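here is a sequence with its predicted model. Questions after.
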Amino acid sequence: MTNLTELGVAAIRDGVAAGDFTAVEVAEAFNANVAAASALNAFIVATPEAAVDAAKAVDAKRAAGQPLGKMGGVPIGMKDLFATTGVQTTAASHMLEGFKPQYESTVSQKLWDAGAGMLGKLNLDQFAMGSSNETSFFGNVISPWRRKDGGNAALAPGGSSGGSSAAISARLCPAATGTDTGGSIRQPAAFTGITGIKPTYGRCSRWGVVAFASSLDQAGPMARDTRDCAIMLEAMAGFDPKDSTSLDMPVPEWEAGLNPDMKGKKIGIPREYRMDGMDEDVAKSWDDGIAWMKAAGAEIVDISLPHTKYALPAYYIIAPAEASSNLARYDGVRYGLRDLPEGAGLQDMYAATRAEGFGAEVKRRIMIGTYVLSAGFYDAYYNQAQKIRTLIAQDFAKAFEQCDVILAPTCPTAAFALGEKMSDPLAMYLNDVFAVPASLAGLPAMSVPAGVNREGLPLGLQIIGKAFDEQGVLNAGLAIENAAGFTATPEKWW
Ligand code: GLN
């Protein structure tokens, strides 16, 4: 009997369709893994009945000879940033603790319509702000990975989609949703040896996704491999009149279009990403990636993205600015937490609610954001950052005159230990240095596992593509995946 929790999206979909096993059997197998893994703290809420109910519906459709959908019979984890009807949606914050939305996000609804079922709501950094999942009000997620000989320190699963990455790599779900504002799909994927793609800005509707920085936020799939990401992205993407930034373009058949042949393709290697003092294992994995691309028939092109070093500071102005505006809605009036001290007036209620409901990192972002938007500093910070954003987008546009996709590391290092960077926000922010340029330019970018470092921890390679060219990104990702033959899994300790 196949171990069902070892299967990915495509294998489950095809096996259910062929009658090799039922969708209910799959849902029950993953429910059992979720229940046995509370030590990882990957889920804020488990919804085993929802997974079984969705599976029953798929099995009934099969019995009736009806089509099962792109994700037919596949149970998934839902990042707790997506509104789910009647199921607590918190953005990992105290502010929204106990909040049960009256409506479903477009992306989650599309997944259910495609035959997927929900295993539960996944932990994340509070309001998706963070790179280690340590800012969650519900406690940090622990990565299932451990260093081989480097002690037994508990490691960060990355963030903000750290519940998603930990759950997939520990086989608690075959796939999960993620969101990526400045790397939150790609960095956790790299830290845990899984695959994730942030599509072009606008591909997936933001309707019903708790907003962080609206000009950057984008949903995407996280799964074990490229094919599974392609399948899930097809189910998630598409025009939505309820999101004014949604792309009104047809959704390509990315799975059918997968092709790892790189003959005639030009792969750009950005020289500014090769930084002084770069981690040796990361540099080596990048060199491996370049060699694999050559072997797959590609031509390697040296490119320049001259404004790279300004991307991180610009991101950490623009994202907090937008966050400070988006998070103004949490005032204790309409929904979420309300703290009304005895005899307090409206202003006191606002202040008490926000002081109580937001964690330290969220408050830091709100303060930075209001500062850079304030009358005296707007031109010096916010406007400058917007200009840099334009220059970065122009860098990419020029680079793509010379190449089809760009290959770079996803992160400057492998996973770090929990607690290692929490007291130093700058060290934490530096993690995003390779991820934020593509975010600022709105480009599709993915992370694919490329090997392990000397401590046995996964390393990811990043592929950045032209706007709307998810296919080119996925194909290059598949070429890397085939060449890397990454099979490492964490040893079970939880
Ligand atoms: N780590 C980045 C931040 O803290 C990105 C987060 C994200 O993409 N949601 O802002």
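Here it is on my side, so go on. What you see is a predicted model, and the numbers here were worked out from it, not measured in a lab.

ok, the closest residue to the ligand within the stretch 351-494 of the chain to Ala314 distance?
Proximity to the ligand, evaluated over the stretch 351-494 of the chain using C-beta to the nearest ligand atom, is greatest for Asp432 at 4.8 Å. Where you see a C-beta, it was placed from the backbone N, CA and C, and this is true even at glycine. Distance of Asp432 to Ala314, given as C-beta to C-beta, to the nearest Å: 12 Å.

next: Ala352.
For Ala352, the distance to Ala314 (C-beta to C-beta) stands at 34 Å.

so the two - more neighbours on which side?
Neighbours around Ala352 and Ala314, counted as other C-beta atoms under 10 Å, are more numerous at Ala314. The numbers are 24 against 17.

so what's the residue of the stretch 51-200 of the chain found nearest the ligand up against?
Here the stretch 51-200 of the chain gets closest to the ligand at one residue, Ser184, 3.0 Å apart by C-beta to the nearest ligand atom. By C-beta atoms under 8 Å, 6 or more residues apart in numbering, the residues touching Ser184 are 124-125, 128, 131, 159-161, 178.

and if you look at Pro449?
Here Pro449 is in contact with 189-190, 193-195, 458-460, 481, 484, 486, 488 (C-beta under 8 Å, 6+ apart).

report pLDDT for the nearest residue to Ala344 once chain neighbours are set aside.
Leaving aside its sequence neighbours, Ala344 sits nearest to Ala352 (C-beta to C-beta, 6 or more residues apart in numbering; 6.7 Å). Predicted confidence (pLDDT) at Ala352: the value is 95.

buried set for the helix or strand hosting Ala352?
In the assignment (DSSP states H and E), Ala352 maps to helix 346-357. Buried positions in helix 346-357, judged by neighbour count with 16 or more other C-beta atoms under 10 Å: 349-350, 352-354, 357.

redo the residues you listed as CSV? Include distance to Ala223.
Putting the buried residues of helix 346-357 into CSV (distance: C-beta to C-beta, whole Å) gives the following:
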residue, distance to Ala223
Met349, 43
Tyr350, 41
Ala352, 42
Thr353, 38
Arg354, 37
Gly357, 33
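
return the member of those nearest to Ala37.
For the buried residues of helix 346-357, the minimum distance to Ala37 (C-beta to C-beta) is 28.6 Å, reached by Gly357.

for the closest one, what are its contacts?
Contacts of Gly357 by C-beta under 8 Å, 6+ apart are 93-95, 330, 332, 336-337, 339.

low-scoring stretches of this protein, by residue?
For the chain, the stretches flagged by pLDDT under 70 are 1, 150.

before we move on, back to that, which of the contacts of Gly357 has the most neighbours?
Ser93 (27 neighbours).

the nearest residue to Asn326 once chain neighbours are set aside - how many residues pack around it?
When the adjacent residues along the chain are set aside, Asn326 lies closest to Ala211, with 4.3 Å between them (C-beta to C-beta, 6+ apart). When neighbours are counted by other C-beta under 10 Å, Ala211 registers 18.

hmm, back to that, what residues of the helix or strand that comes right after the helix holding Ala352 count as buried?
Downstream of helix 346-357, the first helix or strand assigned by DSSP H and E is helix 360-373. Neighbour-count burial for helix 360-373 flags 361-362, 365-366, 368-373 (criterion: 16+ other C-beta under 10 Å).

how far does helix 360-373 sit from the chain's center?
Offset of helix 360-373 from its chain centre (C-alpha atoms, centre = their mean, to the nearest Å): 23 Å.

which strands or helices does it pack on?
Contacts defined by 3 or more C-beta pairs under 8 Å, 6 or more residues apart in numbering; DSSP states H and E place helix 360-373 against helix 311-326.

hang on, the earlier thing: confirm for me that the residue nearest to Ala344 is in contact with Glu342.
No. Between Ala352 and Glu342 there is no contact under C-beta atoms under 8 Å: 10.8 Å.

sorry, back to before: you'd agree the residue of the stretch 351-494 of the chain closest to the ligand is up against Gly182?
Yes. Counting by C-beta under 8 Å, Asp432 does reach Gly182; the two are 5.1 Å apart.

the more surrounded of the two?
Each of Asp432 and Gly182 has its neighbours counted (other C-beta under 10 Å); Gly182 has more, 30 against 25.

show me where the stretch 51-200 of the chain has strands.
75-79, 117-122, 175-180, 195-198 (DSSP state E, counting those that start in this stretch).

how many degrees apart are the first one and strand 117-122 in direction?
In terms of direction (axes from the mean of the first three to the mean of the last three C-alpha atoms, to 10 degrees), strand 75-79 departs from strand 117-122 by 30 degrees.

can you pull the contacts of the spatially most central residue of the chain?
Of all residues in the chain, the one closest to the mean position by C-alpha atoms, centre = their mean is Ile185, 2.0 Å from it. Contacts for Ile185 (C-beta under 8 Å, 6+ apart) come out as 161, 178-179, 196-198, 220, 222, 447.

repeat the analysis, applying 10 Å as the threshold.
79, 158, 160-161, 164-165, 176-179, 195-199, 218-222, 229, 435, 445-447 (C-beta atoms under 10 Å, 6 or more residues apart in numbering).

okay, the residue of the chain most remote from its centre and the ligand: tell me how far apart.
When distances are taken from the C-alpha mean of the chain, Gly343 lies farthest, 43.5 Å away, according to C-alpha atoms, centre = their mean. With distances taken as C-beta to the nearest ligand atom, to the nearest Å, Gly343 is found 38 Å from the ligand.

which non-adjacent residue is nearest Ile12?
Once flanking residues are discounted, Ile12 sits nearest to Val74: 4.9 Å by C-beta to C-beta, 6+ apart.

that older thread, so the residue of the stretch 351-494 of the chain closest to the ligand is in contact with Tyr316, correct?
Yes. Between Asp432 and Tyr316 there is a contact under C-beta atoms under 10 Å: 8.6 Å.
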